[in-house]
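Peer 1: Give me a model of this one.
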Amino acid sequence: MAGYRFLVTDLDGTLVTLDIDWDELREKVRKIIKTDHPLKPLGPSIVETTRGNEDLRRKAFELVEREEVRAALGASPDPELKEMLSRLRKRGVKIALVTLQSLKPATITLKRLGVHHLFEFLITREYSLSRREQLSLAMDLLKANPRETVFAGDSSWDVMAGKELGCLTVVVGRNIEGADLYVERFVELEKLFSD
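Peer 2: Reported below is the predicted structural model:
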């Protein structure tokens, strides 16, 4: 399994589990934008359902960001995660984050976990609401060869994006069809980078 030099990871549900009830949040957003759309994935669905109504779109994303920030402030230091990512960096692995959250809560979460300084950069929804575009941009910025890249996520959208772009696609915490590998905990990914 050696030969991986790049790690790109999703945030919530993958790197950390934040205290967000996504179903409840979707219901609140549905009330704001007056829709019965399933809103999955949330960000792209907000854009889709508010075409032509920037005011509703802004209100929906403001609500989502408030909830993301609230949850981010509840994150606490994770020494095991910090040590694992530090060891990878010492081995020369470059690490990036892709998330459909906005930059503010993503930054708060990583700082509270104690790992913000270990990431080359964060690709948030301000860049794109497409996981495939986010992952592609991350690999471009890392100058990463897909065959040397591990992508960790927790959704079917993550699996589709990782597979389309040719990364080793790992699902954390659940088993999703099509993934190359499944791990229970994010820190188990370290074994993929051993010499």
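Peer 1: Could you tell me whether Ile95 really is in a strand?
Peer 2: Yes - checked against DSSP: H, G, I helix; E, B strand; the rest coil, Ile95 lies within a strand.
Peer 1: And it, how far from Arg89?
Peer 2: 7 Å (C-beta to C-beta, to the nearest Å). (C-beta placed from N, C-alpha, C; glycine too.)
Peer 1: Now the common contact residues for the two.
Peer 2: When contacts are counted by C-beta atoms under 8 Å, 6 or more residues apart in numbering, Ile95 and Arg89 are jointly contacted by Leu118.
Peer 1: More neighbours: the two, which one.
Peer 2: Each of Ile95 and Arg89 has its neighbours counted (other C-beta atoms under 10 Å); Ile95 has more, 19 against 16.
Peer 1: Just grab the bridge partners of the more buried one for me.
Peer 2: Leu7 (DSSP bridges).
Peer 1: got the contact list for it?
Peer 2: By C-beta under 8 Å, 6+ apart, the contact set of Ile95 is 6-9, 85, 88-89, 118-120.
Peer 1: report the longest helix in the protein, please.
Peer 2: Longest helix of the chain, by residue count under DSSP state H: helix 54-73.
Peer 1: I'd like to know which elements it is packed against.
Peer 2: Secondary-structure packing of helix 54-73 (3 or more C-beta pairs under 8 Å, 6 or more residues apart in numbering; DSSP states H and E): helix 22-33, helix 42-49, helix 103-113.
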